[in-house]
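Engineer: Here is my input; please provide its structure:
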Amino acid sequence: MRLAHRVVIVVMGVSGAGKTTIGQRLAAALGARFVDADEFHPPANRAKMAAGTPLDDADRVPWLHILSAEIDGWLHHEGDVVLACSALRAVHRAMLRRDPAQVVFVYLQIDPEVARARLLARPHHFFKADLLDSQISALEPPDDALTVDAAQPVDAVVNDILARL
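Structural biologist: As a prediction, this is how the structure comes out:
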């Protein structure tokens, strides 16, 4: 499936919602590039999370500035991109929404206990399950995103997104 114009699709939600898995499958279905925003965290952010300390906006804002610049580049010089990014707060999404016509948010809505179970099943990731509560507290569910039930099977979630894009 090809989209009508160049787009960055931001697959957002708390850790454990399935951003990477859904994002990779969605990118493959669209013939788009997949990018994980976690790759852009500076080492200090990764170390902080690995030590069990939640990030605050002082940690997130420089990371979001980097992502914003990347989005600008993708929109001007590349094809479609699917970006897995928490984008928890409205102000974070505003920073990333470089062009409302070309940046689309997909919110993976999930019950916290389902997300927690998924996090516990991936013990080698730098984001630990005990940090989930901080993300749930920071989350401002979007009212301007395509919202999907992330507890569904992966194929169902991806097909739902594709049908609604």
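Engineer: who does the longest helix along the chain touch, helix- and strand-wise?
Structural biologist: Across the chain, the helix with the greatest residue count (assigned by DSSP state H) is helix 57-77. Packed against helix 57-77 by the contact rule (3 or more C-beta pairs under 8 Å, 6 or more residues apart in numbering; DSSP states H and E) you find strand 8-12, helix 43-50, strand 81-84, helix 90-96. Yep, even glycine has a C-beta here, placed from its N, CA and C like the rest.
Engineer: Can you list phi and psi of P42 for me?
Structural biologist: In this entry, P42 is assigned phi and psi values of phi -70, psi 160 (degrees, to the nearest 10).
Engineer: buried stuff in the longest helix of the chain?
Structural biologist: 59-60, 63-64, 67-68, 70-71, 74-75 (16 or more other C-beta atoms under 10 Å).
Engineer: Out of the residues you listed, the closest to C85 would be?
Structural biologist: L67 (6.6 Å; C-beta to C-beta).
Engineer: I'd like to check which residues are in contact with the closest one.
Structural biologist: With contacts defined as C-beta atoms under 8 Å, 6 or more residues apart in numbering, the neighbours of L67 are 37, 40, 83, 85, 95-96.
Engineer: pLDDT value on it, please?
Structural biologist: The model reports L67 with a pLDDT of 96.
Engineer: Please apply the same query to I136.
Structural biologist: The model reports I136 with a pLDDT of 89.
Engineer: Relative to A17, how far out is it?
Structural biologist: Taking C-beta to C-beta, to the nearest Å as the measure, I136 falls 11 Å from A17.
Engineer: What of S86?
Structural biologist: Distance of S86 to A17, computed by C-beta to C-beta: 9 Å.
Engineer: who has more neighbours, the two?
Structural biologist: A17 (28 against 23; other C-beta atoms under 10 Å).
Engineer: which residues of this protein score low on pLDDT?
Structural biologist: Scanning the chain with the threshold set as pLDDT under 70 gives 1-5, 122-130.
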